[in-house]
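In: What follows is a protein structure lacking sequence information:
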């Protein structure tokens, strides 16, 4: 099976501007011992930033997540057909987590839309 680099999607949910740098907070595929997603952050140099930019970034990340899920489902099918039961179960559990992450994205988009409506 051909391997390709996989970039795990990030769900951005908050930003702060500190000394002309933007600190973006996000969730990715890293979990704590309880199975909850860890909050991570990155800095990048930019003088202005807006919540609309987070929405654009999250749309792109959501698209990447859908591609990731589709690829993993294909891998899971191959493992099932070839009788690689252990690998199949590992990927199946991973996909369950990604579907949960997909739901987090969808909830974020709903909340974002509701906040825009309330702000009017």
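Out: That came through fine. Everything numeric here is computed off the predicted structure, so don't read it as measured data.
In: hey, let's count contacts and neighbours off CA atoms from now on
Out: OK.
In: where's residue 39, which helix or strand?
Out: Here residue 39, judged by DSSP states H and E, is contained in strand 37-45.
In: let me fix that: residue 112
Out: helix 85-119.
In: Go through stretch 64-84 and flag the buried ones.
Out: 64-65, 68-69, 72-73, 75-76, 79 (16 or more other Cα atoms under 10 Å).
In: Revised request: answer the last question for stretch 54-63.
Out: Those would be 54-55, 58, 61-62, for stretch 54-63 by 16+ other Cα under 10 Å.
In: quick one: contacts of that stretch?
Out: When contacts are defined by Cα atoms under 8 Å, 6 or more residues apart in numbering, stretch 54-63 is touched by residues 9-13, 102, 105, 109.
In: Any of the residues you listed buried? List them.
Out: Applying 16+ other Cα under 10 Å to the contacts of stretch 54-63 flags 9-13, 102, 105 as buried.
In: taking the residues you listed one by one, which sit in helices?
Out: 102, 105 (DSSP state H).
In: Check the buried ones among the contacts of stretch 54-63 and tell me the two furthest apart.
Out: 13 and 102 (14.2 Å; Cα to Cα).
In: hmm, back to that, any idea of the mean pLDDT for the strand holding residue 39?
Out: Averaging pLDDT along strand 37-45 gives 92.
In: got the angle for whichever helix or strand comes after that strand vs helix 85-119?
Out: Note on strand 37-45: by DSSP H and E, the next helix or strand toward the C-terminus is helix 51-82. Counting by axes from the mean of the first three to the mean of the last three Cα atoms, to 10 degrees, helix 51-82 points 160 degrees away from the direction of helix 85-119.
In: Next, count neighbours for residue 95.
Out: Using other Cα atoms under 10 Å, residue 95 has 19 other residues around it.
In: which one's the longest strand in the protein?
Out: strand 21-31 (DSSP state E).
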